[in-house]
Structure formats: C-alpha cells, structure tokens
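Student: please work out how this folds:
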Amino acid sequence: MKDPYSVLGLSPETPEEELKARYEELKAEYGEQRFKTGAEGNEGARKLSELEAAWSEISAKFGKRESQETFGDVDYGEIDDLIKKGEYNEAQNKLDEITDRNAQWHYLQSIIYYKREWMNDSRIQLAEAVKMDPTNEKYRSALEKLDLVIGNPQVDPRTIGANGEQPTRQQDNGQVCGGNTLSNCCLAYLCTDCCCTMTRCCG
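Tutor: Below is the predicted model:
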C-alpha cells in the first residue's frame, strides 16, 4: 500500500485540519468521477477506495496521539485500543504492569469494570479517580451518571457485579421481565450515556 500521506499529496508534518480538508476535497472529486463511464469511472472508484484506506490509517494515528495527550507521560493508547476491541483481559494485563496508579489509571480501570458490568467495582475506581483529581470534569460527570445507573430501583448492582447478568423480577402471570418498560428505556439510555462519557477518552 502507498504511504497514506502521499495519497493525499501531503506530508506527515501537515496540520490535521489541512489533512482533513484535503481528504474531503479528494473524496468529493473521486466520488463524482466514479460515476462516469468506462475507464475514467473505474479509475475514480479505485482512487476513492485508496483514499479511504489511507484516511483510515491517518485517522488511527490521530486517535493514538490524542490518547497520549489526554493521559500525559504514560502512553495508554494501546490499552484504549484493546478496550475498544473488547479485549478486556489483555487491557487489564497492560494496566497491571503500570506501577504509577494515578487518577488516569483508576479511570481506565473503571472503564474495564464498567464494560464487564461490575458496577460497584467500577464506581470504586471512578470515585478514586475523582478523589485524586477532583477538578477533572470528565471524571466527575462519569461518576454522576454511573450513580444514576446504580441508583435505579430496577438494578441490583451486587447481582451485576457478581455474575454480569441483569436482575429480573416476576410479573403477576409468572413471566420474567426486566421491570417497567419506561424504567428499562431510561436505564438503557443512562447506561449508554455513561458508557459514552467514560470511553470518550479512547478516541
């Protein structure tokens, strides 16, 4: 594969905004060209495919760079990627190797626990992150949203933490359900919102 920056006709030192602008410009150009007939259309489709592959590689580098900036001296980018891929055991192993367990470390640990639906453990780690860095709005916001999830009357955090399953209750007719429909919808929204907040640092 060609160097991704050469596909855009730019260099790795080019500012991110300029790279994005060039990508959008070429995308529009090739996108229009691919609808033409004959060899010209085929060439447009080929260039568009090549452009998308190049931009995907460049974007991944942006994400890693942002992770390094977010977490300071320790590079947590690899751990972020593992969490995104759902490889929680490997991410945990990487975290365990880090001896400087600052607020950022506890924040990432809370994300892994949250992904495993170990809500109480996630809250303990998140609370520690807030304690160590009380001015960090991201940590505080995530903790507030997690408290809303744990405080929902339809959820037993001990059950979630013990076996990773959502608790259920019995309806009058003996069928199992997860609680009131509106309550479940609100819980799903809160869980999604909380998860998005907690993983925003991962690119």
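Student: how is Gly41 assigned, secondary-structure-wise?
Tutor: Reducing the assignment at Gly41 to three states with DSSP: H, G, I helix; E, B strand; the rest coil gives helix.
Student: count the neighbours of it for me.
Tutor: Residues near Gly41, counting by other Cβ atoms under 10 Å, number 13. The C-beta positions use only the backbone N, C-alpha and C, and glycine is treated the same way.
Student: chain neighbours aside, what residue packs nearest to it?
Tutor: The shortest distance from Gly41 to any non-neighbouring residue, by Cβ to Cβ, 6 or more residues apart in numbering, is to Arg34 (5.6 Å).
Student: the one you found reaches Leu48, doesn't it?
Tutor: Yes - with the criterion set as Cβ atoms under 8 Å, Arg34 and Leu48 qualify as a contacting pair; they are 5.7 Å apart.
Student: pLDDT score for Leu148?
Tutor: Per-residue confidence at Leu148 stands at 85 (pLDDT).
Student: and if you look at the one 5 residues further on?
Tutor: We note a pLDDT of 52 for Pro153 in this prediction.
Student: which of the helices or strands spans the nearest residue to Pro134 once chain neighbours are set aside?
Tutor: With Cβ to Cβ, 6+ apart as the criterion, Pro134 has its nearest non-adjacent residue at 7.6 Å, and that residue is Arg140. Element membership for Arg140, per DSSP states H and E: helix 137-150.
Student: got it, and Ala53?
Tutor: Going by DSSP H and E, Ala53 is part of helix 38-71.
Student: right, and the helix or strand after that helix?
Tutor: Using DSSP H and E, the helix or strand that follows helix 38-71 in sequence is helix 77-84.
Student: whatever helix or strand comes next after that next one to helix 77-84, inter-axis angle?
Tutor: Taking DSSP H and E as the definition, the helix or strand that follows helix 77-84 towards the C-terminus is helix 88-96. Per axes from the mean of the first three to the mean of the last three Cα atoms, to 10 degrees, the angle that helix 88-96 makes with helix 77-84 is 150 degrees.
Student: buried set for helix 88-96?
Tutor: For helix 88-96, burial by neighbour count (16 or more other Cβ atoms under 10 Å) applies to Ala91, Gln92, Lys94, Leu95.
Student: same check, this time on stretch 28-42
Tutor: Residues of stretch 28-42 classed as buried under the neighbour-count rule (16+ other Cβ under 10 Å) are Tyr30, Gln33, Arg34.
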